[in-house]
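Novice: Structure of the sequence below:
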Amino acid sequence: MAASPLKDDPLDELDTLLKLRGERRQRVFISYSHDDEAHKQWTFKLACDLQAVGVWVIFDQFLPLGSNLALFMSHNLVDSDRVIAVCTPGYVDKANAGVGGAGYETTVLTQSLMENQNADRVIPVIARQHPPYRVPTYLFSRKYIDFSNKDEYAERFEELARDILGAAKTSRPPLGQNPFQN
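Specialist: Below you'll find the predicted structure:
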């Protein structure tokens with residue numbers, strides 16, 4: 001992990017302690033736009049649900065007032081294991097235009113993806129959209145998960161959590177023998 005620009009960051013201290021005990025958790029940064037209060041609450045619920053199943057969630061709503069948001073974003077986008085990009089029309093517009101926090105985070109994440117095109121580090125989460133779904137340009141080729149149907153939240157959440165925690169429900173079956181080979 002890169003050295004923290006946040007002096008004496010208690011999260012880094014706890015992360016180091018967990019690593020020493022063999023209990024390192026997946027660190028997941030949530031990137032989203034503050035579209036409205038309902039969306040902020042939906043994203044807060046997602047963050048709390050992930051935290052409850054053992055995912056270390058890095059999320060601006062967990063910060064105290066007066067925190068340096070630019071430093072928080074730059075430090076944690078680089079140090080997180082995965083990033084959830086909550087894609088709403090507002091987020092997509094800001095990310096593509098390079099505006100606000102979503103635009104800043106896009107700049108950092110685009111560089112990361114350019115360095116490793118095969119990485120599955122960024123997970124697009126579709127929220128509050130109807131087909132055709134939109135994601136930021138830098139995520140066009142990425143597989144997304146669709147949370148747009150409220151009635152399917154529990155199923156989509158389980159799929160997301162399992163992916164982050166490396167416990168996928170389904171996996172590739174073993175390769176069988178060729179029945180036509182002598």
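
Novice: Residues contacting stretch 162-175, please?
Specialist: Residues outside stretch 162-175 that contact it (C-beta atoms under 8 Å, 6 or more residues apart in numbering) are Gln26, Val28, Leu50, Val53, Gly54, Val55, Arg82, Ile123, Ile145, Glu158, Glu159. Using the backbone N, CA and C atoms, a C-beta is placed for each residue, glycine as well.

Novice: can you do 6 Å?
Specialist: Residues from elsewhere that reach stretch 162-175 (C-beta atoms under 6 Å, 6 or more residues apart in numbering): Gln26, Val55, Arg82.

Novice: Check which residues of it are buried.
Specialist: Within stretch 162-175, the residues scored as buried using 16 or more other C-beta atoms under 10 Å are Asp163, Ile164.

Novice: what mean pLDDT does that stretch have?
Specialist: Averaged across stretch 162-175, pLDDT comes to 88.

Novice: Then stretch 52-67?
Specialist: 93.

Novice: Run through the protein and note the low-pLDDT ranges.
Specialist: Within the chain, the stretches with pLDDT under 70 are 1-19, 22, 111, 113-114, 116-118, 130-131.

Novice: Pick out the residue nearest the middle of the chain.
Specialist: Using C-alpha atoms, centre = their mean, the residue of the chain that lies closest to the mean C-alpha position is Ile84, 1.7 Å off.

Novice: what's the helix or strand containing that one in contact with?
Specialist: Using DSSP states H and E, Ile84 maps to strand 82-87. Residues outside strand 82-87 that contact it (C-beta under 6 Å, 6+ apart) are 28-32, 43, 121-127, 135, 164.

Novice: Which secondary structure state does Phe29 sit in?
Specialist: Under DSSP: H, G, I helix; E, B strand; the rest coil, the three-state class of Phe29 is strand.

Novice: for the closest residue to it other than its chain neighbours, what are its contacts?
Specialist: Excluding the flanking residues, the one nearest Phe29 by C-beta to C-beta, 6 or more residues apart in numbering is Ser80, at 4.0 Å. If you count contacts by C-beta under 6 Å, 6+ apart, Ser80 has them with Arg27, Phe29, Ile58.

Novice: Which residues does the second one form beta bridges with?
Specialist: Meaning Phe29. Per DSSP bridges, the residues bridged to Phe29 are Ile58, Val83.

Novice: Please identify the helix or strand for Gln41.
Specialist: Element membership of Gln41 [criterion: DSSP H and E] is helix 37-52.

Novice: got the angle for that helix vs strand 82-87?
Specialist: Relative orientation of helix 37-52 versus strand 82-87 (axes from the mean of the first three to the mean of the last three C-alpha atoms, to 10 degrees): 160 degrees.
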